[in-house]
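Enquirer: have a look at this prediction, sequence included:
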Amino acid sequence: MAHHTRVKRRSPEDEGGRRRWQHPESILEGIGLVSGATFIDVGCGEGFFALPAARMVGPHGRVCGIDIDAEALDLLQEKAFSEGLDNVVLHRGMAEEIVLCDGCADVVFFGIDLHDFIDPVRVLENARQMARSTGMVVDVDWKKEPLPLGPPPAKKFSTEHAASLMAEAGLWVTAVAESGPYHYVITAMPGR
């Protein structure tokens, strides 16, 4: 069975520590997320990217989160409610099996988790189906090298491998860039 797992809960201190090496607002601005957009966060967890995205897309936009971890989704929903963000809609299930819509998303986003899925091509095919023809699929992930954080290099995808998975899923890679000291960002569009 294909799945995406979470190992432990993150504390607010963990998020503060993560913000020292990864700034979600800068990443989302860098990919061009705008007010009114529909943003789908695949493997959203407790909302490290989903909550900043909800603030950025504003009341006329929507953030849809997908995760198999019910507890993480509950925590994300609590955080959204406490901030008065009513534009966050969460879905529990496996990304290999969920297609929320056909061509509704401006951005389908993977925040440091594409390497965790058992069938990343199927997950990317679902992302392609959910993206508008003018939308994008974005993968932020660990550089495939020894780093003081993250999984071992053997578990990580190189940019070339991640881009080849995207191409296999019918996506056209438009940009590959570094994102801070530990990550890269790959942006793709539904195939022509």
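Expert: Yes, it's here. Every value quoted in this text rests on a predicted model; they were computed, and no experiment measured them. Numbers count the residues shown, from 1 in each chain.
Enquirer: can I get the CA coordinates of the longest strand along the chain in CSV?
Expert: Counting residues, the longest strand in the chain under DSSP state E turns out to be strand 131-142. Taking C-alpha atoms only, strand 131-142 is exported to CSV below (Å, rounded to 0.1, in the frame of the first residue of the first chain):
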residue,chain,number,x,y,z
ALA,A,131,-3.3,21.7,-12.0
ARG,A,132,-4.9,24.2,-14.4
SER,A,133,-3.5,24.2,-17.9
THR,A,134,-1.8,27.5,-16.9
GLY,A,135,-1.0,26.3,-13.4
MET,A,136,2.2,24.8,-12.0
VAL,A,137,3.4,21.8,-10.0
VAL,A,138,6.2,22.7,-7.6
ASP,A,139,8.6,20.4,-5.8
VAL,A,140,10.8,21.8,-2.9
ASP,A,141,13.1,19.0,-1.7
TRP,A,142,16.4,18.2,-0.1
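Enquirer: quick one: strands adjacent to that strand?
Expert: If you go by DSSP bridges, strand 131-142 pairs up with strand 105-111 (parallel), strand 183-190 (antiparallel).
Enquirer: and those strands, which is most packed in?
Expert: Comparing the strands paired with strand 131-142 by mean neighbour count (mean count of other Cβ atoms under 10 Å), strand 105-111 comes out on top with a mean of 25. Bear in mind the C-beta positions are built from the backbone N, C-alpha and C, glycine included.
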